[in-house]
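> Sharing a model prediction with you, sequence too.
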Amino acid sequence: MAQQDTDVFVRLERFYDALPRPYARAEEIGGLVLFVREGEGWPYYARPRIGASTPSAADITAVRQRQRELGVPEAFEWVHETTPDLLAVARSAGLDVLLAPLLVLDPAALVPDLPVDGGSIRFLDPGAQSFATDLAASRAVAQLAFGAPADPQAPPGGSLLTLPAGPAERDAATRQLSAALVASQQERSASGDYHTAVVDTPDGILATGAVMRSGDVAEIAGVATLPSARRRGYASQLTAALARRALDDGVGLVFLSAGDDDVARLYTKVGFRRVGTACIGEPAAAPL
């Protein structure tokens with residue numbers, strides 16, 4: 001393995017460990033650390049402790065018990081190249097593990113800004129009066145998008161038989177966010193450590209994504225397109241815009257995890273290259 005990639009993995013470990021700490025308490029359980037969010041927002045995960053030996057199956061079982069006590073998802077994340085033996089341990093402890101391509105940006109290969117089909121890309125302004133409304137709509141888009149995986153064989157916009165979720169379903173799924181959650185997101189956005197971007201169209205927000213920064217490393221995550229608006233290039237253009245924003249902010253390493261190899265190939269066309277595998281573990285489904 002190239003020395004450069006080894007350095008990348010060290011930096012990624014520091015990022016994964018540092019990112020949740022301002023917003024969560026860390027509970028160390030064996031070779032794992034469980035991040036428990038304090039306040040509202042997406043729940044965090046458990047992952048290997050920096051400098052610890054490979055977590056055991058007993059460590060995973062203990063963390064899962066603690067997660068159940070807290071009423072949070074039994075979620076685990078790690079980088080395979082950094083903790084290669086954990087995959088077999090996690091599976092033996094009853095976890096299903098998604099092997100997600102891990103990619104980093106080659107800044108010289110980042111595609112230029114291009115016109116957006118039927119709309120424009122906008123970064124949410126934490127000082128704008130519309131911030132709370134836009135944030136709620138973007139979350140509804142993500143909810144619908146991640147609940148309906150993309151079908152590579154489907155025609156653009158789906159078909160009358162599939163009836164993909166569109167603006168009406170987005171509006172129906174939009175929920176008013178609490179003042180505390182909005183204030184927290186405003187604070188993070190104003191600090192420059194978190195940016196949300198959306199694709200704006202006459203039909204409202206059709207796609208969304210975010211970039212999260214800790215130190216000189218940033219992760220692009222949550223890139224999602226409303227099912228009825230897929231195959232218009234929105235995900236690629238949002239990803240490029242988020243990466244460019246991170247570089248403009250002085251970030252030295254931009255990375256992301258793709259859901260599968262097909263999605264990873266989309267990101268390679270934007271300017272990313274695969275360096276490894278991100279492992280995402282959750283309890284195995286009970287047999288029918």
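Done, it's in.
> Sketch out the low-pLDDT regions of this structure for me.
Within the chain, the segments meeting pLDDT under 70 span 1-6, 148-162, 286-288.
> can you give me the strands in it?
Using DSSP state E, the strands assigned to the chain run over residues 24-29, 32-37, 46-48, 76-79, 95-105, 120-123, 194-201, 204-214, 217-225, 253-257, 272-283.
> how far does the shortest one sit from the chain's center?
Read that as strand 46-48. 16 Å (Cα atoms, centre = their mean, to the nearest Å).
> From the contact counts, what lies against that strand?
Counting contacts by 3 or more Cβ pairs under 8 Å, 6 or more residues apart in numbering; DSSP states H and E, strand 46-48 packs against strand 32-37, strand 76-79. C-beta coordinates here come from the backbone N, C-alpha and C atoms, glycine included.
> And the second one, by the same measure?
With contacts defined as 3+ Cβ pairs under 8 Å, 6+ apart, the secondary structure elements packing on strand 32-37 are strand 24-29, strand 46-48, helix 57-70.
> Sheet-wise, list the partners of it with their directions.
Paired strands of strand 32-37, with direction, are strand 24-29 (antiparallel), strand 46-48 (antiparallel) (DSSP bridges).
> ok, back up a step: give me whichever of the helices and strands packed on strand 46-48 is most buried.
strand 76-79 (a mean of 23; mean count of other Cβ atoms under 10 Å).
> chain center to it: distance?
Distance, stretch centre to chain centre, for strand 76-79: 13 Å (Cα atoms, centre = their mean).
> same deal with stretch 120-132?
20 Å.
> Put the alpha carbons of it into CSV.
This file holds the C-alpha atoms of stretch 120-132, laid out as CSV (Å, rounded to 0.1, in the frame of the first residue of the first chain):
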residue,chain,number,x,y,z
SER,A,120,-29.6,25.8,-9.5
ILE,A,121,-27.4,24.8,-6.6
ARG,A,122,-27.8,26.8,-3.4
PHE,A,123,-26.0,26.6,0.0
LEU,A,124,-28.4,27.1,2.9
ASP,A,125,-27.7,30.4,4.7
PRO,A,126,-27.9,30.0,8.5
GLY,A,127,-28.9,33.7,8.7
ALA,A,128,-31.8,33.5,6.2
GLN,A,129,-35.4,33.5,7.4
SER,A,130,-36.0,30.5,5.2
PHE,A,131,-33.3,28.4,6.8
ALA,A,132,-35.6,26.3,9.0
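> who touches that stretch?
134-135, 138, 176-177, 182, 185-187, 189-190, 195-200, 237-238, 241, 245 (Cβ atoms under 8 Å, 6 or more residues apart in numbering).
> The spatially most central residue of the chain - nearest residue in space that isn't next to it in sequence?
Nearest to the geometric centre of the chain sits A221, at 2.9 Å (Cα atoms, centre = their mean). Closest residue to A221 apart from its sequence neighbours, by Cβ to Cβ, 6 or more residues apart in numbering: A210 at 5.8 Å.
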